[in-house]
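A.B. asks: Return a 3D structure for these sequence lines:
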Amino acid sequence: MKKLILLIFLLKIGLASAQNFKFAFITDTHIGSPNGVAEEDLMRTVADINSLGGLDFAIITGDITEMGTNEEIKKAKELLDELEIPYYVTPGNHDTGWSESGGVSFIQTFGYDKFVFEHKGFKFIGTASGPYVRMSDGHIPRDAVVWLDSVLAATPADQPIINANHYPLDNSLDNWFEMTDRLKTRNTQFSICGHGHTNKAYNFEGIPGTMGRSNLRAKDDVGGFTIVEITGDKALFSERTPGIKTAAPWREIALGKRDYTASAGYERPDFSINDQYPQVKVRWSYHSDANVISTPLVKNGSVFFGNSLGKFESLDASTGKSQWDFQTKGGIFSSPVAYQDLVIFGSGDGSIYAVNSENGSLKWKLVTNAAVLGSPVLDGDKLYIGSSDGVFRALDASSGRVSWEFSGIQGPVVSQPLVSNGVVVFGAWDTKLYGLDQETGKLKWSWDNGSANRMFSPAMCIPVTADGIVYIVAPDRYITALAIDSGEELWRSNEVTVRESIGISADGKLVYGKTMNDEIVAFNAGSTKSPIAWRMNVGFGYEHVPSMLIEKNGSVYFGTKNSTVYSINPTTQQINWAHKIDNSMANTVNVLADKSLVVATMDGKVEWLDF
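C.D. replies: Numbers count the residues shown, from 1 in each chain. Take a look at the predicted model:
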């Protein structure tokens, strides 16, 4: 009997010993940061990990780069490849939100944007984080959630799981509950994250969480990372200063069998606003298998849009049933346009496509030198569209033949241009707004807001115009009026904190802006700055997503970061109705003539609303 007890004891000791291991937890390296030391900090961390020994692998939880450029991603990969242990990465908002490829380059360079692997009995699951090519709250991509379902389905209920994500699993993600609800069905030990650049202990609805410090040095002489030590019954988190010291553990998490069945009473999205406006009816709702970050097109009884996995889809406008799809090789962030029997759009695979609206067959394809994230606009039989290869193009819509090209743009074009008064106006993530001659493509003027920071570029707003004046808003929180023929700055105002959403009244007398807190404001249009015409507290809360304001039939329509679509009366400044779809960003809506609209959300929901 004593021998049996001893044998069992030795087996337990052996099991605990077999599970002991350490790994490096690195986050927020921000390669390409303006101060120029991010590369040095990561090189020092890599060299330190190689010299330490005893670390089995490294996990890097997002914000690998500063702006998600191809050059930054390539450089980050080169530096990380110097590690002598395996490493696993996930993208963060800096890698995706300003990405010139829509996330395609990250996947092509690293080979994935989410990962799963097993090590000494533990399953490690890493998920991507957005937003993608738009400013919004954090978001776990729809395709990653679908993927996670398949991973968990293949995971034994008692297998210990460690999750890695860039954002904390809280409401800094608009769909945090999709992660926590799923992870709580399994034996999830803890989740690690970055984003906040500091060591911090969390509790994600019962799931222990740990945020790690940024690899950047900040105000210190050198940067740092975290060493995670897994023992039989606990996980220890220690900050490591490369080449200097490993501090005593600042965080300890007990390991063991988890039971989240009693987990309840946590915050969830509130859809009660829909009960206040029963006149809004959902004709149909369709959930794509990936994010949708564009405005759907309605033509001849069909609805068209693309998703972030590169699938372009056609739905029946009456039922929302799938009719056909066309697969590209990169994410689609381009809002399509219709020309005769064609539907035309750009793709992250670097091509502009024209497909038959009836069956999705390819009519023509123009290959560029980089991702095409911008949306096209039609004027007659000419198509105008920008891309990420530094070129803006005018094409013949029927054939795809290039009419002219304007080159020299130093950042991606991701929005829709304005064509008016013989001028094509668009912004890019290179700090500039451009005005090109519509016939020749020659530069007439360029304008910037005086900031060298690319993140303040007038790139996401779709410009509006009336009486020869162009109006834009940008992340610098100003509204700006420019003469369309010369680019002369007529006036600027930061009286209210508008960001990237703008609209104009049907008579051209008012310019609408969505503020960053609760209000819609109306500016008097004109060449000189005048007092704000009116401001209306709509009550949508903090707001920062680019969803343009559309006036039609005497009402103004717009979406918000939590997918609530509003209709307001600009004359009485009253809410007509509001409707919440999911909890992610609502893209610019497509308002139809028959008291209907179609709207898509970042989480891939496409809905037809009647009101």
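A.B. asks: Please write out the alpha-carbon positions of the lengthiest strand in the chain in CSV.
C.D. replies: In the chain, with assignment by DSSP state E, the single longest strand is strand 532-542. In CSV, the C-alpha atoms belonging to strand 532-542 read as follows (Å, rounded to 0.1, in the frame of the first residue of the first chain):
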residue,chain,number,x,y,z
ILE,A,532,-23.2,77.4,-35.8
ALA,A,533,-26.8,77.1,-37.2
TRP,A,534,-27.9,74.6,-34.6
ARG,A,535,-26.7,71.8,-32.4
MET,A,536,-28.7,68.8,-31.2
ASN,A,537,-28.1,66.4,-28.4
VAL,A,538,-29.0,63.0,-29.8
GLY,A,539,-27.6,61.1,-26.8
PHE,A,540,-25.4,58.6,-28.6
GLY,A,541,-22.5,59.1,-26.1
TYR,A,542,-18.8,59.0,-27.0
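A.B. asks: list the helices and strands it packs on?
C.D. replies: strand 517-524, strand 564-569 (3 or more Cβ pairs under 8 Å, 6 or more residues apart in numbering; DSSP states H and E). Heads up, the C-betas are built off the backbone N, CA and C, glycines and all.
A.B. asks: ok, the last one: who's next to it in the sheet?
C.D. replies: Note on strand 564-569: by DSSP bridges, its sheet partners are strand 555-559 (antiparallel), strand 574-580 (antiparallel).
A.B. asks: Go through these and pick out the most buried.
C.D. replies: Across the strands paired with strand 564-569, averaging neighbours per residue (mean count of other Cβ atoms under 10 Å) puts strand 555-559 on top, at a mean of 25.
A.B. asks: Just the angle for that strand relative to strand 532-542, thanks.
C.D. replies: 30 degrees (axes from the mean of the first three to the mean of the last three Cα atoms, to 10 degrees).
A.B. asks: residues making contact with strand 555-559?
C.D. replies: For strand 555-559, contacts defined as Cβ atoms under 8 Å, 6 or more residues apart in numbering pick out 501, 503, 512, 514, 520, 545, 547-551, 565-570, 576, 585-589, 591, 597, 599.
A.B. asks: What is the neighbour count of Val298?
C.D. replies: As a burial measure, Val298 scores 17 neighbours (other Cβ atoms under 10 Å).
A.B. asks: got it, and Arg499?
C.D. replies: Using other Cβ under 10 Å, Arg499 has 22 neighbouring residues.
A.B. asks: Residues contacting the helix or strand hosting it, please?
C.D. replies: Arg499 belongs to strand 498-504 when assigned by DSSP states H and E. By Cβ under 8 Å, 6+ apart, the residues outside strand 498-504 that reach it are 135, 460-466, 471-475, 477-479, 510-516, 521, 525, 543-551, 556, 558.
A.B. asks: Of the residues you listed, which belong to strands?
C.D. replies: Reading strands off those with DSSP E, I get 464-466, 471-473, 479, 510-515, 521, 550-551, 556, 558.
A.B. asks: could you give me the average pLDDT of the longest strand of the chain?
C.D. replies: Averaging pLDDT along strand 532-542 gives 97.
A.B. asks: could you check the distance from Pro463 over to Val556?
C.D. replies: In this view, Pro463 and Val556 are 18 Å apart by Cβ to Cβ, to the nearest Å.
A.B. asks: For burial, what's the neighbour tally of Glu118?
C.D. replies: 10.
A.B. asks: Check whether it sits in a helix, strand or coil.
C.D. replies: The three-state assignment at Glu118 reads strand, by DSSP: H, G, I helix; E, B strand; the rest coil.
A.B. asks: Next up, the contacts around it.
C.D. replies: Each residue near Glu118 by Cβ under 8 Å, 6+ apart is listed here: Phe124.
A.B. asks: contacts for the longest strand of the chain?
C.D. replies: So strand 532-542 is in contact with 495-496, 510, 516-524, 560-562, 564, 566, 568, 573, 575, going by Cβ under 8 Å, 6+ apart.
A.B. asks: rerun at 6 Å
C.D. replies: 510, 517-524, 560, 573 (Cβ atoms under 6 Å, 6 or more residues apart in numbering).
A.B. asks: Now find how far off-centre that strand is within its chain.
C.D. replies: 25 Å (Cα atoms, centre = their mean, to the nearest Å).
A.B. asks: Paired strands for that strand, with orientation please.
C.D. replies: Applying DSSP bridges, strand 532-542 is found paired with strand 517-524 (antiparallel).
A.B. asks: Now the partner strand: buried residues?
C.D. replies: Buried residues in strand 517-524, defined by neighbour count with 16 or more other Cβ atoms under 10 Å: 519-523.
A.B. asks: Name the nearest of those relative to Tyr277.
C.D. replies: Ile520 (17.1 Å; Cβ to Cβ).
A.B. asks: Quickly list what that closest one is bridged to.
C.D. replies: Lys514, Met536.
A.B. asks: which residues touch it?
C.D. replies: By Cβ under 6 Å, 6+ apart, the residues touching Ile520 are 514, 536, 538.
A.B. asks: Considering those residues, which possesses the most neighbours?
C.D. replies: Counting by other Cβ under 10 Å, top hit in the contacts of Ile520: Lys514 with 31 neighbours.
A.B. asks: contact partners of stretch 69-78?
C.D. replies: Contacts for stretch 69-78 (Cβ under 6 Å, 6+ apart): 31-32, 64-65, 100, 105-106, 109.
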